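A.B. asks: sharing a model that was predicted from the sequence below.
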Amino acid sequence: MFDKRDLISSFFLLVLGLFMAFQSLKMAVWSRSGPQEGFFPLFIAVIIIGLSLLIFLKSAILARAEKKEILKKHEESEVSFFRVFSYFILMLLYGLLIEKVGFLITSILFLILILKYMEKQDWWITIVLGSASVIVGYFLFVSFLGVPLPRGLIKW
């Protein structure tokens, strides 16, 4: 018997990963010069799909004795359905907005929303950590790896 939380979360992650993969395939993924703007979102989508399948298989293969122990641990650290659904909605919006609004703006807003409202971090941690990780990621992919990321509203 499946753990409902693992089954639900793996289903949402699988749907999200497939959606992101189809959206990223609308952009150029690869050319003669190397990775293009759709490569990074497709790469992340493949990781999400793989992890969702891993979660699904893990919940299907677990023995009953192990499952009872895991259920006890899950009951101690109960994750609300609202929280899982909120993450799913935020990721879905991220996938929809990244091409139109751009990587930098969408990613910074996404991380600020997650860190401040979902993870309940202080404002200074939220702004510093969210902005720094997006800027480092942007320069890593654009400058060092030469992968163009969606610019959206930022034209420079």
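C.D. replies: Perfect, thanks for sending it.
A.B. asks: does residue 154 touch residue 104 like I think?
C.D. replies: Yes - at 6.1 Å, residue 154 counts as touching residue 104 under the criterion of C-beta atoms under 8 Å. Every C-beta, even on glycine, is put in place using the N, C-alpha and C of the backbone.
A.B. asks: more crowded one of these two?
C.D. replies: Shown here are residue 154 and residue 104; by other C-beta atoms under 10 Å, residue 104 has more neighbours (20 against 11).
A.B. asks: for the spatially most central residue of the chain, which non-adjacent residue is spatially closest?
C.D. replies: The central residue of the chain, meaning the one whose C-alpha is nearest the mean C-alpha position (C-alpha atoms, centre = their mean), is residue 91 at 5.9 Å. Using C-beta to C-beta, 6 or more residues apart in numbering and skipping the chain neighbours, the partner closest in space to residue 91 is residue 16 (5.3 Å).
A.B. asks: which residues does the helix or strand hosting residue 45 contact?
C.D. replies: Remark: residue 45 resides in helix 39-61, with elements defined by DSSP states H and E. By C-beta atoms under 8 Å, 6 or more residues apart in numbering, the list of residues contacting helix 39-61 from outside reads 2-3, 6-7, 9-14, 16-18, 20-21, 23-25, 27, 29-30, 95, 98, 141, 147, 149.
A.B. asks: could you tell me which of those residues are located in helices?
C.D. replies: Among these, the members falling in helices are 6-7, 9-14, 16-18, 20-21, 23-24, 95, 98 (criterion: DSSP state H).
A.B. asks: need the contact list for residue 34.
C.D. replies: For residue 34, the set of contacting residues under the criterion of C-beta under 8 Å, 6+ apart consists of 146-147.
A.B. asks: ok so, going back, just the C-alphas of the helix holding residue 45, formatted as CSV.
C.D. replies: C-alpha atoms of helix 39-61 as CSV (Å, rounded to 0.1, in the frame of the first residue of the first chain):
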residue,chain,number,x,y,z
PHE,A,39,18.7,23.8,-21.8
PHE,A,40,18.7,24.8,-18.1
PRO,A,41,14.9,24.5,-17.6
LEU,A,42,14.9,21.2,-19.4
PHE,A,43,17.7,19.9,-17.3
ILE,A,44,15.8,20.9,-14.1
ALA,A,45,12.6,19.3,-15.5
VAL,A,46,14.4,16.0,-16.1
ILE,A,47,15.8,16.1,-12.5
ILE,A,48,12.3,16.8,-11.1
ILE,A,49,10.8,14.0,-13.2
GLY,A,50,13.5,11.6,-12.2
LEU,A,51,13.1,12.4,-8.5
SER,A,52,9.3,12.1,-8.7
LEU,A,53,9.6,8.7,-10.2
LEU,A,54,12.2,7.8,-7.5
ILE,A,55,9.8,8.9,-4.8
PHE,A,56,7.0,6.9,-6.4
LEU,A,57,9.1,3.7,-6.7
LYS,A,58,10.4,4.1,-3.2
SER,A,59,6.9,4.3,-1.7
ALA,A,60,5.8,1.3,-3.8
ILE,A,61,8.8,-1.0,-2.9
